[in-house]
Every structure is written in structure tokens, then in C-alpha cells.
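Colleague: What follows is a predicted structure for the sequence shown.
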Amino acid sequence: MDMALPPRIRKLEESVVNRIAAGEVIQRPASALKELLENSLDAGATVVSVIVKDGGLKLIQITDNGHGIRYEDLPILCERHTTSKITAFEDLQKVSTLGFRGEALASMTFVAHLTVTTMTEGQTHGYRASYKDGVMEGDPRPCAAVKGTQIMVENLFYNVTARRKSFKNPSDEYARVVDVISKYSIQNPKVGFSCKKFGDARADVQTPGNTSSLEAIRAVYGPGTSRELIEIKTSKNDSSDFFEMNGYISSANYSAKRTTMILFINDRLVDCAPLKRAIEVVYAAVLPKASKPYIYMSIRLPPEHVDVNVHPTKKEVSFLNQESLIEAIQTAVEQELLQSNKSRTFYAQT
Ligand code: ADP
Ligand code: MG
């Protein structure tokens, strides 16, 4: 019998490790864009414009008017685990920024080419620097700029053939990019967002900024949707349990093929399948003909009740008292729908 020895265990080269890790954070163009958007918001931008080529595989360019990046920080900007947002593990308990890992930009440089142009307040010119595999290439070059930051991500997954090949349809990827920007624009109505394809004159998403969430919904999802929405609010404040929810939900007049669920918890775009299901159940019972609702909800929880650190993309969050929160929201939705249905019937009869 062949008593072959097991294969040897070896340490992977760092460049391999980094590329594998990068693939977890940056799964597709839309996930790169989400990270870039969050950085612009963290930088206090009020205007964010995005240009995309080939669904983001060729180019994602994002321009903001945020606080910019200091010249001295440019050399380490794209190293792994460099961040201006937290300094100690304990800071995670009360993290108020969307980012905190210092991993997004680094990850992008392991699977794409990154160029940053930035200028801080009160400067007469900006700087441009390019990055690859976490490292700045050469010195930052002075250039004309305005206050803020522009980041170009080019040839995403150029060195990850399998991943690149999995994106057969750039227009699918573009739709995902548009979806992410649309959702953030509703949560951040004070910020003016735009997104267009490279070379197009017309933007596919355009919000005015300095407005309300409802106006942003109108700008992005159209008046046909915004007209049919009911405002919803609920909260809980007892010793063990605190949360606030506000948002908009569709009325009996709204019909769609699929449910639209836009959920932010403490300003982070997240998925919560049990909450979505719980709301759909209420619609099915109260408004069976409008059972594919449009839902936008923004939930605030005490930061110490939310663990944002569960997943590299931060897409899943886990939080305390999930069941009681879902129940409270379910009740609020039910009351709101019954109420609006009653007034509708009443209105129709008079
Ligand atoms: P994180 O957001 O977790 O800190 P990132 O890799 O996304 O990590 O970004 C690293 C750092 O680069 C940020 O902490 C921030 O200081 C800076 N940065 C990135 N994007 C911008 C931007 N658009 N404007 C200003 N600073 C930025
Ligand atoms: Mg970030």
C-alpha cells in the first residue's frame, strides 16, 4: 500500500493573500462603488458624481467635494489597515463613520489600478497619485484641482481572470451601480448625487441635494412611486430597548412585480431578510392586491447595540433585540396600512 505523505503546508505569499482578501471586500463593480461612496460621505461631501465605463469594469470614477486627503497621508493611503476613522478597537463601539477598516482602497489596488486626485481646503493646487498592490507609484504630482477628492478605479479584476469572466453583461453591473447610488441618495437627501455612463450627456441618477428623502425618491424612482407613499415612523424607548424608525411605505395604489426594500441601519445600507418577510406578510394580509410593496426605512439603534464588524462588506449587520424590533415595525406598518385603507374607502364613498 502506498503510504504517501500528506501535502506540505506552506505560507502563501503576501501578494496572493492580499488578492484573495481583496476579492472578499470587492466582489463586483457595485461593491467598489459602495465603498467609494461611503468614503465621500464620510468626508462630508455634499456633491458626489460618478462616471462608469463598461459597467464599472473598465472605469469607475467618483468625484466629491469633501474634505480631501492631506499630502502627507498620500503615501500610506492605500496600504491595508490605514484609516483616519478609528484608532482603537474600542472605537468600534461608537463608530459614527461608514468606514473603519482601512481596507477598501487597499483592496481595490490589489485588483485594479487606482488614481487619486485630491485637494484640501485653502490650497492653491492639488495632488495626483497612482497606486498598485497597496503601494504608491512614484511621488504625488501637483495638479490643478478643486477642494475634494476624485478617485479613478480602472480595469477592475484585470489580474483575477475568473472573476472578470463571471461578469458577462456590463449592463447588469451598471444597473447594480445605479441601484446602490439610488439607495444612498434617498438616505442622504442633502447630498446631490449623479451617475452616468462614460460619454453620455444624460445622467441615469440625479438628485438635487438639499432636499428631503421623499423628493429624492421622486427624482430617482419617479413621481409614480413617490405619489403613492405613506410616511411611517415608530420608536421604542424603554430601559432595555431603544430604536427609532422612519421612512415611507407604499399604499394600496402602488403595484409592482417585485418588492423594493431599501433599509438603512445607522446610515448603513443593509439587508434584513426577516424584516422584509415580516412586512410582506402584513401587506399580503391587509392589501393583497398591493402585496409587492415599496419600502424605505431608516432605523437608528444605539451604536453599541449594532455589531458592524460581522462581514467584510458590512452588508450584514447583527443587532440586539432583533425580534422585538421586527415586531414593533410590523405593528406600525399594519396600523398605517389599515388607517390609510380606511380613509381611502371613506374618501371613495363621499
Ligand atoms: P476606511 O474608510 O475604512 O477608513 P478606506 O480604505 O475606505 O478605509 O479609506 C482609507 C482612508 O482614506 C480613509 O480613512 C480616509 O481618511 C481616506 N479617504 C478615502 N476616500 C476619501 C475621500 N473621498 N475623501 C477624503 N478622504 C478619503
Ligand atoms: Mg472606506
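Modeller: Structure's in. What do you need? Ligands and ions are numbered 1, 2, ... in the order given.

Colleague: in this structure, which ranges drop under the pLDDT threshold?
Modeller: The model of the chain has pLDDT under 70 over residues 1-2, 308-317, 344-350.

Colleague: burial of the residue of it found nearest ligand 1, as a residue count?
Modeller: Among all residues of the chain, G99 sits closest to ligand 1, at 2.2 Å; criterion: CB to the nearest ligand atom. For glycine as for every other residue, the C-beta is placed from the backbone atoms N, C-alpha and C. For G99, the neighbour count with other CB atoms under 10 Å is 20.

Colleague: Doesn't it belong to a helix?
Modeller: No. Applying DSSP: H, G, I helix; E, B strand; the rest coil, one finds G99 to be coil, outside a helix.

Colleague: Make sure I have this right: I62 is in a strand.
Modeller: Yes. Counting by three-state DSSP, I62 is found in a strand.

Colleague: Please work out how many residues are found near the spatially closest residue to it that is not a sequence neighbour.
Modeller: For I62, ignoring the flanking residues on the chain, the nearest one in space by CB to CB, 6 or more residues apart in numbering is L36 at 4.6 Å. Using other CB under 10 Å, L36 is surrounded by 23 other residues.

Colleague: Flag every residue of the chain that's near ligand 1.
Modeller: 35, 39-40, 43, 64, 66-69, 77, 83-85, 99-106, 149 (CB under 6 Å from any ligand atom).

Colleague: can you give me phi and psi for whichever residue of the stretch 151-300 of the chain sits closest to ligand 2?
Modeller: Nearest residue of the stretch 151-300 of the chain to ligand 2: I151, at 10.8 Å (CB to the ion). Backbone geometry at I151, expressed as degrees, to the nearest 10, gives phi -120, psi 130.

Colleague: got a list of what it touches?
Modeller: L36, N39, Q61, I62, L105, L114, T115, V116, T117 (CB atoms under 8 Å, 6 or more residues apart in numbering).

Colleague: For the fourth one, give its distance to ligand 2.
Modeller: Meaning I62. 12 Å (CB to the ion, to the nearest Å).

Colleague: With the second one instead?
Modeller: N39 is 4 Å from ligand 2, where distance means CB to the ion.

Colleague: Please, which helix or strand holds T115?
Modeller: Here T115, judged by DSSP states H and E, is contained in strand 113-119.

Colleague: shouldn't I329 be in contact with T234?
Modeller: Yes. If you go by CB atoms under 8 Å, I329 and T234 touch, sitting 6.5 Å apart.

Colleague: if you count what's nearby, which of these two comes out ahead?
Modeller: Counted by other CB under 10 Å, I329 and T234 do not tie: I329 has more neighbours, with 24 against 19.

Colleague: For A175, give me its contacts.
Modeller: Going by CB under 8 Å, 6+ apart, the list of residues near A175 is empty.

Colleague: need the next SSE after the strand or helix carrying it, C-terminal direction.
Modeller: Assigned by DSSP H and E, A175 falls within helix 170-187. Using DSSP H and E, the next helix or strand after helix 170-187 towards the C-terminus is strand 192-197.

Colleague: Which strands or helices does that next one pack on?
Modeller: Judged by 3 or more CB pairs under 8 Å, 6 or more residues apart in numbering; DSSP states H and E, the packing partners of strand 192-197 are strand 47-53, helix 170-187, strand 205-206.

Colleague: Generate a markdown table for the ones you listed, with distance to L92 as supplementary columns.
Modeller: Converted to a markdown table, the helices and strands packed on strand 192-197 look like this (distance: least, CB to CB, whole Å):
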| stretch | distance to L92 |
| --- | --- |
| strand 47-53 | 26 |
| helix 170-187 | 21 |
| strand 205-206 | 32 |
